[in-house]
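Enquirer: With the input below, show me the fold.
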Amino acid sequence: MSDRELAIGPRLGAYGRRVLTTFVRAIVQIVVAYVGNLSLFILAVLSLAFIPLGIGVVLVPVMFQAIRTVANLQRAWAAEWSGVEIPVPYRPEPAGGLGLFGRLRWTLSDPASWRDLLWTLLNVPVALVLGVLATGMTIYGLEGVLVAPWLAQITDYGWGPFWTLDEYGAFGVIGTIVLGAALTAVSVRLGPVLLRVHALFCQSLLAPTRAALTERVQRLAETRSETVDASAAELRRIERDLHDGAQARLVALSMNIGLAEEMMRDDPETARQLLAEARAASGSALTELRDLVRGIHPPVLAERGLDGAVRALALSLPLPVDVRIDLPGRPDAPVESAAYFAVAEMLANVVKHSGSQRAWLQIEHADDRLLMIVGDDGTGGADPARGSGMRGIERRLAAFDGTMAVTSPPGGPTVVTMELPCALSSPKISPSSETG
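Expert: The predicted structure is shown next:
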C-alpha cells in the first residue's frame, strides 16, 4: 500500500467525523428549539397570565430561571461549537435575600429576562430553518451516494437528488453519485457556517445590550472609586499607626541609648537601666511592626493559603468556631487576600457585636466562584446599612465583582454569604479537615 493510500484513510475519517458532528449538532439545535424553547415560551406566558391569580408569583421566577438555564446552555454551545462568546447579562441577586414578591419583581425588572423570552420564541423558526439546511444537505447527499444507486440496481427504481433514476439509466446513477458527493462535500463546509450563523443570532438576543454594558461600566467605575478611597484610607491608617506607634517608640529608644552613652562613665547603674528600657522599647516596637505587617498581608496567608490562614484565625478567637473548608487549590493572591480579610472582618463583628456563644464558617469553590458563609447564634439584627464594617466588606468584594448577602432576623441566627468569582490555580497540599 502506497503512502498516498495510507494518507487517504485518516482524511476520510476526519471528513466523516465532521459530517457526523455537524449533523448531530444541527439536530440538537432543532430538538432544543422545539422541545425546550417552544414549551418554555408557552409555560412562561401562561405563568405571566396567572400572576393576578397568585400562582404566577411562584411560577414566573421558576419558568424564567428555566429559560436562563437553556439560554446558558446555548451560550456554552455557541462558544464551543462556533467560537462565538455570549456574555451572561443577568443582574446579580440583591443582598439580603428575596421573598416571593421580591424575587418576582427582581426577575421581571431585569431586561435580560424579556430578551430571553423573545429568544425562546424566535429561536424556534430560526433553528428549524438553519438546522434543516445543515442536516438536509447531509442526508440528501449521503442518500444520493449510498442509497439511491444501489436501490435502483435492486428494484429498477430510485430517487436521486433531483430526478428519478429510471428515467436516465446509467447516466442518472452516475449523476446521482456525483451530485450526492458534491452535496455532502458542501455540507461539510456550509454546516459549521450555518451553526455559526445561528450562534450569532443567539448572540444578538442573549448578549448584554448597550444599556446593560453602560450600567456595568458605571458599576465598575463606582466600585473602583470606592476601592481607591478604601485604599487611601488604609494607607492613612498605616501611616498613623507608624507615626503614633513604632516611630514614637523608636525615637524614645534612640534617646535612651543616647543618654546611656553619656552616663556610662559617670553613672553606670542608671545607664544600665536606660539600656534595659531601650531593650524593652525595641521589643514593643518590633511587636507593633509585626502586627502592622500582619494587618497588611498576614505571613500565614502567603505560606499556608486561605485554608490555613482562616483556620489559624478561627483558633485565635475567644469563642468556638466550626470551620469547614473544601478548596482544591488556591485563588490568585489579590482574591485570596480579599477573601481572608472579608472573613476576618466578619468574625471580628461576631466577637464584638453578636453576643453569640459559637460561630461557624464554611468556604468552598464551585462553578468558578468562591463561596464563604459566616454564621453565629447571636442576637441577630445585623444590617449592612448601619455598620461601616459590613459596608467595607461589600466594597472590598465589589472590587472583584463579588457579592454579599446578609440574613439576620431579630433573635438570630445571623448568616452572611459572600461570593467571589475566581479560578483556583495550584492544587492544595493536604486535604481539608474540620476544626472545632
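
Enquirer: Could you double-check that residue 336 lies in contact with residue 306?
Expert: Yes. Taking contacts as Cβ atoms under 8 Å, residue 336 lies within contact range of residue 306: 5.1 Å. From N, CA and C alone the C-beta is placed, and that goes for glycine too.

Enquirer: Pull up the overlap in contacts between these two.
Expert: Common neighbours of residue 336 and residue 306, using Cβ atoms under 8 Å, 6 or more residues apart in numbering, are residue 330.

Enquirer: which parts of the one helix or strand residue 141 maps to are buried?
Expert: Taking DSSP states H and E as the criterion, residue 141 maps to helix 111-142. Neighbour counts over helix 111-142 (16 or more other Cβ atoms under 10 Å) mark 111-113, 115-117, 119-120, 122-124, 126-127, 130-131, 133-135, 137-142 as buried.

Enquirer: ok, now stretch 30-42?
Expert: 30, 32, 33, 36, 37, 40, 41.

Enquirer: do stretch 60-67 as well
Expert: 60, 61, 63, 64, 66, 67.

Enquirer: Pipe the residues you listed into CSV and attach distance to residue 384, secondary structure and pLDDT per row.
Expert: As requested, the buried residues of stretch 60-67 are exported to CSV (distance: Cβ to Cβ, whole Å; DSSP: H, G, I helix; E, B strand; the rest coil; pLDDT from 0 to 100):
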residue, distance to residue 384, secondary structure, pLDDT
60, 28, helix, 93
61, 24, helix, 92
63, 31, helix, 94
64, 27, helix, 94
66, 31, helix, 94
67, 31, helix, 94
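
Enquirer: Adding distance to residue 202, write those out as a markdown table.
Expert: Formatted as a markdown table, those follow (distance: Cβ to Cβ, whole Å):
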| residue | distance to residue 202 |
| --- | --- |
| 60 | 23 |
| 61 | 23 |
| 63 | 19 |
| 64 | 17 |
| 66 | 17 |
| 67 | 13 |
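
Enquirer: Out of these, the closest to residue 318 would be?
Expert: Closest approach between those and residue 318, by Cβ to Cβ: residue 61, at 42.3 Å.

Enquirer: pretty sure the closest one contacts residue 105?
Expert: No. Using Cβ under 8 Å, residue 61 is not in contact with residue 105, being 9.8 Å away.

Enquirer: Let me see the mean pLDDT of the helix holding residue 141.
Expert: Mean pLDDT, computed over helix 111-142, is 87.

Enquirer: same check, this time on stretch 321-330
Expert: Here stretch 321-330 scores 89 as its mean pLDDT.

Enquirer: now stretch 419-432
Expert: 64.

Enquirer: do the same with stretch 204-224
Expert: If you average the pLDDT values across stretch 204-224, you get 68.

Enquirer: same thing with stretch 18-34?
Expert: 85.

Enquirer: Just say helix, strand or coil for residue 409.
Expert: Here residue 409 is coil, with the state taken from DSSP: H, G, I helix; E, B strand; the rest coil.

Enquirer: For it, what are phi and psi?
Expert: phi -70, psi 160 (degrees, to the nearest 10).

Enquirer: how close does it sit to residue 276?
Expert: The gap separating residue 409 from residue 276 is 56 Å, by Cβ to Cβ, to the nearest Å.

Enquirer: One more: residue 63?
Expert: From residue 63 across to residue 276, the span is 77 Å (Cβ to Cβ).

Enquirer: and stretch 194-209, how far from the chain's centre?
Expert: 21 Å (Cα atoms, centre = their mean, to the nearest Å).

Enquirer: would residue 370 count as being in a strand?
Expert: Yes. Counting by three-state DSSP, residue 370 is located in a strand.

Enquirer: check which helix or strand covers the residue lying closest to it once chain neighbours are set aside.
Expert: Among residues not flanking residue 370 along the chain, residue 420 sits closest, at 4.4 Å (Cβ to Cβ, 6 or more residues apart in numbering). In this assignment (DSSP H and E), residue 420 forms part of strand 414-421.

Enquirer: Check residue 283 too.
Expert: Using DSSP H and E, residue 283 sits in helix 268-296.

Enquirer: The buried residues of stretch 30-42 in strands, which ones?
Expert: Among those, none falls in strands (DSSP state E).

Enquirer: quick check, nearest of those to residue 393?
Expert: For the buried residues of stretch 30-42, the nearest to residue 393 is residue 40 (37.7 Å; Cβ to Cβ).

Enquirer: my guess is that closest one meets residue 120, correct?
Expert: Yes. With contact defined as Cβ under 8 Å, residue 40 reaches residue 120; the gap is 5.3 Å.

Enquirer: list the buried ones in the strand holding residue 420?
Expert: 414, 415, 416, 417, 418, 419, 420.

Enquirer: Looking at those residues, which one is closest to residue 72?
Expert: Using Cβ to Cβ, those come closest to residue 72 at residue 419, 17.3 Å.

Enquirer: check contacts around that closest one.
Expert: Taking Cβ under 8 Å, 6+ apart, one finds 369, 370, 371, 372, 397, 402, 403, 404 in contact with residue 419.

Enquirer: what kind of secondary structure is the nearest residue to residue 360 once chain neighbours are set aside in?
Expert: Nearest residue to residue 360 in three dimensions, chain neighbours excluded: residue 322, at 4.2 Å (Cβ to Cβ, 6+ apart). In terms of secondary structure, residue 322 is strand; the call rests on three-state DSSP.

Enquirer: Isn't residue 322 up against residue 374?
Expert: No. Look at residue 322 against residue 374 with Cβ under 8 Å: they stay out of range, at 11.0 Å.

Enquirer: any common contacting residues for those two?
Expert: With Cβ under 8 Å, 6+ apart as the test, residue 322 and residue 374 both reach 359, 360, 361.

Enquirer: quick check, nearest of those residues to residue 53?
Expert: The closest of the shared contacts of residue 322 and residue 374 to residue 53 turns out to be residue 360 (Cβ to Cβ; 41.1 Å).

Enquirer: Check which strands are paired with the helix or strand containing the closest one and give the direction for each one.
Expert: In the assignment (DSSP H and E), residue 360 maps to strand 359-366. Strand pairing for strand 359-366, using DSSP bridges, gives strand 321-326 (parallel), strand 369-376 (antiparallel).

Enquirer: Now do that strand and strand 414-421, the angle between them.
Expert: 20 degrees (axes from the mean of the first three to the mean of the last three Cα atoms, to 10 degrees).
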